[in-house]
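Visitor: this is a predicted model, with the sequence first.
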Amino acid sequence: MREDQPPSPPRELTREERLAAKLRENLRRRKRQARALGAQVLPKEGPSS
């Protein structure tokens, strides 16, 4: 499910499903952070010589 889609109707999730969802959420957040940090670092770097 993409972030721009409305959430599906609530239902009981198993522990494994909840953990898998949290892992996916965490991965997406970390990827966004890494991209943001990378975008900040790249323009500052210049040729070494």
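Guide: Everything's here; your move.
Visitor: just the strands from the chain, written as ranges.
Guide: Per DSSP state E, the chain carries no strands over any range.
Visitor: where does pLDDT dip in it?
Guide: 1-3, 42-49 (pLDDT under 70).
Visitor: how about the helices in it?
Guide: Taking DSSP state H as the criterion, the chain contains helices spanning 15-44.
Visitor: from V41, how far off is E25?
Guide: For E25, the distance to V41 (C-beta to C-beta, to the nearest Å) stands at 25 Å. No exception for glycine: its C-beta is placed from N, CA and C like everyone else's.
Visitor: same check on P9?
Guide: Going from P9 to V41 by C-beta to C-beta gives 42 Å.
Visitor: please apply the same query to R29.
Guide: With distances taken as C-beta to C-beta, R29 is found 19 Å from V41.
Visitor: swap in S8?
Guide: 38 Å.
Visitor: return the distance of Q40 relative to E16.
Guide: Look at Q40 and E16: by C-beta to C-beta, they are 36 Å apart.
Visitor: now swap in P9 and tell me
Guide: The gap separating P9 from E16 is 20 Å, by C-beta to C-beta.
Visitor: between these two, which one's more packed in?
Guide: In this view P9 and E16 are compared by other C-beta atoms under 10 Å, and E16 has more residues nearby, 8 against 5.
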